[in-house]
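Asks: pasting the sequence and the predicted model now:
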Amino acid sequence: MKLRFNTFDCRLLWSRYAQSRRPALLLVNARSPGDLIAVASVELPGVDLDANEIAIKDFGPSAGALDALRAAWVISKPLRFVEVGERAIPICKLLVDAETVVH
């Protein structure tokens with residue numbers, strides 16, 4: 001799946017976090033597939049999430065990921081926010097799964 005993230009044309013790649021096995025969303029440069037642009041999700045091991053929910057990293061190099069993933073219909077608008085330190089991490093519903101995304 002391709003999407004626009006900030007000034008980049010990206011491909012969405014799926015992975016899984018080692019500890020929780022929750023989905024991890026990676027944005028890689030569509031023109032240079034080995035070039036990781038941003039990790040669009042964040043692992044929150046102490047936070048209970050439903051099977052179809054994901055925590056989105058929308059700060060630092062990943063700022064803008066929430067809007068880009070929503071525009072591409074990958075995630076819903078935030079269902080809630082989880083406070084982690086000084087950050088409010090959006091928790092969204094995944095609207096697609098790894099099997100529907102063409103790599």
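Replies: Cool, the structure landed. Since the model is a prediction, treat every value here as computed from it, not as a measurement. Numbering: from 1, shown residues only.
Asks: how about low-confidence regions in this protein?
Replies: Along the chain, segments meeting pLDDT under 70 span 98-103.
Asks: and if we set it to 90?
Replies: For the chain, residues meeting the criterion pLDDT under 90 lie at 1, 19-20, 32-34, 45-46, 51, 85, 97-103.
Asks: look through it and tell me its longest strand.
Replies: strand 8-16 (DSSP state E).
Asks: all helices of the protein, in order?
Replies: Per DSSP state H, the chain carries helices over the ranges 65-71.
Asks: all strands for it, in order.
Replies: 2-5, 8-16, 23-29, 36-39, 53-55, 80-84, 87-93.
Asks: same list, those strands, but as CSV with mean neighbour count and distance to residue 69 please.
Replies: All C-beta spots, glycine's among them, are computed from the backbone N, C-alpha and C. Below are the strands of the chain laid out as CSV (neighbours: other CB atoms under 10 Å; distance: least, CB to CB, whole Å):
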stretch, mean neighbour count, distance to residue 69
strand 2-5, 17, 7
strand 8-16, 17, 8
strand 23-29, 19, 7
strand 36-39, 18, 11
strand 53-55, 20, 9
strand 80-84, 12, 16
strand 87-93, 17, 8
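Asks: before we move on, back to that, the longest strand of the chain vs strand 23-29, what angle?
Replies: For strand 8-16 against strand 23-29, the angle by axes from the mean of the first three to the mean of the last three CA atoms, to 10 degrees is 150 degrees.
Asks: which helices and strands sit right next to strand 8-16?
Replies: strand 2-5, strand 23-29 (3 or more CB pairs under 8 Å, 6 or more residues apart in numbering; DSSP states H and E).
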